[in-house]
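Student: Sequence below, structure please.
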Amino acid sequence: MASSPLLLVQTGTPHDDVRHPHGDFPSWFSRAMGGAVETEGVRVFEGKSLPPPDANRIAVITGSWAMVTDRLPWSEATAQWIRDAMTIDMPLFGVCYGHQLMAHALGGRVDYHPRGREVGCRRITLSPAAADDALVGTLPPTFMAHLMHEQSIVELPPGAHALAASDHDAYQIVRYGANALSVQFHPEFTPAITETCIRRRTDTLLAEGMHPEELVRNLQDTHEAQSLLAQFVQRATLERV
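Tutor: So this is what the prediction gives:
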């Protein structure tokens, strides 16, 4: 195993009506990673300080209900921590907000998507470049994933490479370095979690021309999306034995 527990950089917590039936992010990510990974959570959104970056640890950066463009103090401090972690090649995996924050931290640009939010189960398609990626290249050419976001990466950082897209968002998987990867989709979501998130925003989705009941009917398990996170952690752990 890695010399220290996996570091879960928690950038938010679900609203009460999501958290009460489904739990908090640590349990979601533990389940997605197979439940056998020792984890230390740091609630940076509450101002908790991260330990110094450590090349012998793995960090997963969660999603959030905050917006990267708000440049909140805790978020900007986490962005600096990401930059420091990259200088020592610490394994980093960002999810949704974590995906956008990694891009922002490393010189990319994040903003509200011009076509609005992306919600529900959507098809992810690998780019030709993914075939050469030792991790992402193990996925099928297309797979389904859970999505729930308003902001997106609109410009990649220098040296970063997009490895997958949806029909809505060009940057669904981004590779920043040998040990740094991020995804716009949610490998930790289940159909039940996504359904609860959709139903609590029914009025908003209807006002935006979406069809919540259809989105719910189309929900499914997304094993391939989940496997990317699990495999990233497994490979990084083995490399640190």
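Student: Find the residue at the geometric middle of this structure.
Tutor: Centre of the chain computed as the mean C-alpha position; nearest residue by CA atoms, centre = their mean is Val95, 0.8 Å away.
Student: Identify the bridge partners of it.
Tutor: Val183 (DSSP bridges).
Student: Need the contact partners of stretch 84-95.
Tutor: Residues from elsewhere that reach stretch 84-95, judged by CB atoms under 8 Å, 6 or more residues apart in numbering: 52-55, 57-63, 82, 100-102, 106, 176-183, 185-188, 229, 232-233, 236. Using the backbone N, CA and C atoms, a C-beta is placed for each residue, glycine as well.
Student: In ChimeraX, select just the buried ones from those.
Tutor: Command for ChimeraX, covering only those of these found buried under the criterion 16 or more other CB atoms under 10 Å:
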select :53,54,57,58,59,60,61,62,63,82,100,101,102,106,176,179,180,181,182,183,185,186,187,188,229,232,233,236
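Student: Mind checking which of the contacts of stretch 84-95 land in strands?
Tutor: Among those, the ones falling in strands (DSSP state E) are Ala59, Val60, Ile61, Tyr176, Gly177, Ala180, Leu181, Ser182, Val183.
Student: ok, Ala85 to Pro21 distance?
Tutor: Counting by CB to CB, to the nearest Å, the separation of Ala85 from Pro21 is 34 Å.
Student: More neighbours: those two, which one.
Tutor: Using other CB atoms under 10 Å as the criterion, Ala85 and Pro21 rank with Ala85 on top: 26 against 11.
Student: Can you classify Val9 by secondary structure?
Tutor: strand (DSSP: H, G, I helix; E, B strand; the rest coil).
Student: give me the beta-bridge partners of the closest residue to it other than its chain neighbours?
Tutor: Nearest in space to Val9, with sequence neighbours left out and distances taken as CB to CB, 6 or more residues apart in numbering, is Ile61 at 4.4 Å. Ile61 forms beta bridges with Val9, Gly94, as assigned by DSSP bridges.
Student: ok, now how distant is Ile61 from Val119?
Tutor: Computed as CB to CB, the Ile61 to Val119 distance reads 21 Å.
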